[in-house]
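Participant: Generate coordinates for the sequence data below:
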Amino acid sequence: MAKEYLIKKGYQFIAQNYKSSHKELDLIFRINNKVIFVEVKTRIKNFESLAETPLTRLQTKNLKNALIAYCLQNKINLDNVRLDLITILINKATRQAELKHYLDIF
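Facilitator: Reported below is the predicted structural model:
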């Protein structure tokens, strides 16, 4: 769902599920000469899910490390990258999903 959303927005798809040791980047895109790394978090919509923090400190650290590893491996300047977060809240009762896109979360 997140991948389709970004492609419709004009992002160019590069890779999915890039792994660097035990760290993973969900989606990688390019738009306007920037490489966009996208972390996708899916939750079942309930009272608790609305209050949760989408990323822990450890997850954020692991994302940064994987992002840096990808950039070093592919000779990408860190000034030309961005990390976005997409959250998808699924309402089981209505069988609907709500997608939110947060830009540049670092």
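
Participant: Return the longest helix in this protein, judged by number of residues.
Facilitator: helix 57-73 (DSSP state H).

Participant: which non-adjacent residue is nearest Pro54?
Facilitator: Leaving aside its sequence neighbours, Pro54 sits nearest to Lys41 (C-beta to C-beta, 6 or more residues apart in numbering; 4.7 Å). (C-beta placed from N, C-alpha, C; glycine too.)

Participant: what residues are up against that neighbour?
Facilitator: Listed by C-beta atoms under 8 Å, 6 or more residues apart in numbering, the contact partners of Lys41 are 54-55, 85-88.

Participant: repeat for Glu98
Facilitator: Applying C-beta under 8 Å, 6+ apart, the residues near Glu98 are 45, 88-91.

Participant: of those residues, the lowest pLDDT goes to which?
Facilitator: Lowest pLDDT within these is found at Lys45 (74).

Participant: Quick check: that one touching Thr94?
Facilitator: No - using C-beta atoms under 8 Å, Lys45 is not in contact with Thr94; the gap is 9.1 Å.

Participant: Fine by me, thanks again.
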